[in-house]
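# no sequence for this one, just the structure:
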């Protein structure tokens, strides 16, 4: 056994150690130089052309690149270490642009295998500048008794720059909704424009500040000496006063063309003893929904002149 161990570990030790060193070195060398593949995402930067806009939906922010090379180099490469692909669109025409390996600047020893996608379709439109009016979007209704009259933007017109085919289809610029729910007077509010279509932007830098002057008016109508009618028999009671002033408020007044009809509920009291006096609030009985009213005086006094006779079969 000793002889065997001696021959294995001691005899020709230097030669065996040298062979081991060579074997390890070859293994490291082969592993280092063995080719591997990896995938990188490379950003794309565009040099915009003058007087034209690329309107293709395939305008990419990045492209997937398959890279191949020695394992030692592949293992150290990172996405953010690769410079962006620069595409100068100044001299490009409509059609497909294919990505080429020379577009990607890789470290020495690495090469591009493929792109995903392999290219993109490019379509250009002339860039134009137009002026369009601002249309305010009004949301909600003013408080009861008030009416929205109008809203005026300032400035009334803004300048837009963008793709000719998009701007030709636009007739105005909309604002984000402007609420008038709590407005009871003429006020000025800041306004934001609604998002513009793709390939369109405001031409002025800085962009204009948009405001809106909102006109809300109190809607009311006055009626004097409106007769008050008892709901029972007119000969059974006397009213004081016999007429009142009525004030109507609300957006529905434009549709109300009649005279308000005042009624005082006296039916239950007409069976009370003669000379008894009561006070009640008159009501308007012919108003459509959405109209508020005020009656002056708010209460009417009435006195029983005669007791309504009981009808046959009425329980006492």
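Yep, it's here. All values reported here derive from a predicted model rather than from experimental measurement.

# count the neighbours of residue 193 for me.
By the criterion of other Cβ atoms under 10 Å, residue 193 has 16 neighbours. Just so you know, the C-beta spots here come from the backbone N, C-alpha and C atoms, and that holds for glycine as well.

# separation between it and residue 170?
Residue 193 sits 12 Å away from residue 170, going by Cβ to Cβ, to the nearest Å.

# mind listing the helices for this structure?
Remark: helices assigned in the chain by DSSP state H are 2-5, 13-33, 71-74, 164-167.

# out of these, name the one with the poorest average pLDDT.
The minimum mean pLDDT among these belongs to helix 13-33 (a mean of 50).

# isn't residue 82 right up against residue 112?
No: in this structure, residue 82 is not within contact of residue 112 by Cβ atoms under 8 Å, at 10.5 Å.

# any shared contact partners between these two?
Contact criterion Cβ atoms under 8 Å, 6 or more residues apart in numbering; residues shared by residue 82 and residue 112: 65, 104, 106.

# which one of those is nearest to residue 148?
residue 65 (58.2 Å; Cβ to Cβ).

# since we're on the closest one, how many residues are nearby?
With other Cβ under 10 Å as criterion, residue 65 counts 23.

# show me where pLDDT drops low in the stretch 151-300 of the chain?
Along the stretch 151-300 of the chain, segments meeting pLDDT under 70 span 251.

# now the strands for it?
Counting by DSSP state E, counting those that start in this stretch, the stretch 151-300 of the chain has strands at residues 157-163, 173-174, 178-179, 187-191, 200-202, 210-218, 220-230, 237-240, 243-249, 262-264, 277-280, 283-284, 292-296, 300-304.

# quick check: closest non-adjacent residue to residue 241.
Once flanking residues are discounted, residue 241 sits nearest to residue 300: 6.7 Å by Cβ to Cβ, 6 or more residues apart in numbering.

# now swap in residue 91 and tell me
residue 49 (8.0 Å).
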